[in-house]
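In: Here is a sequence with its predicted model. Questions after.
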Amino acid sequence: MEIPQRRNTMDEAVLLCFRVEDLAHPITGAAVERCDLCGASVWVAPSSRRMRKESGLELPPVCHHCTPAVIAELPPDEKVEIQKLTADQIEELAAEVKRRRGSE
Ligand SMILES: [Zn+2]
């Protein structure tokens, strides 16, 4: 659900999140937080909250509507990097798929 996105350093990394209004069925255990830019309610998955806690990084949530603004703020020569899913996130997604299949 969230993909951590780096700017030039990990200190500037953010969590890309879906807005609550755009995702009716988030991953189980997702918490509602506020987009750091527009204040919209966003979903933050348990794995992302664990990553934030373990990394000690701020990792503010940014909604997908605000993502273009974040990218536009970067100097033109700066690369945007999207971090791969962590093992914890992949496990969380797999468990969610199993859970949903089981409830069909
Ligand atoms: Zn936003």
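Out: The structure has been received and is ready for your questions. All figures in this text were calculated on a predicted structure; none of them were measured in a lab. Residues are numbered from 1 along each chain as shown.

In: does W43 belong to a helix or a strand, and which?
Out: strand 41-44 (DSSP states H and E).

In: Show me the contact partners of that strand.
Out: 1-2, 15, 17-21, 23, 26-27, 30-35, 61, 63 (CB atoms under 8 Å, 6 or more residues apart in numbering). Just so you know, the C-beta spots here come from the backbone N, C-alpha and C atoms, and that holds for glycine as well.

In: So what's the model's average confidence on that strand?
Out: Strand 41-44 shows a mean pLDDT of 98.

In: Kindly report the same for stretch 64-73.
Out: 87.

In: Which other helices and strands does the longest helix along the chain contact?
Out: In the chain, taking DSSP state H as the definition, the longest helix is helix 87-102. Where contact means 3 or more CB pairs under 8 Å, 6 or more residues apart in numbering; DSSP states H and E, helix 87-102 is packed against helix 46-55.

In: Could you list the low-pLDDT ranges of this structure?
Out: Across the chain, the ranges flagged by pLDDT under 70 are 1-11, 104.

In: Which residues of it lie near the ion?
Out: 35, 37-38, 40, 63, 66 (CB under 5 Å from the ion).

In: G102: which of these is nearest?
Out: Within these, distances to G102 taken as CB to CB reach their minimum at C63, with 30.1 Å.

In: give me the beta-bridge partners of the closest one?
Out: Beta bridges link C63 to C17, judged by DSSP bridges.
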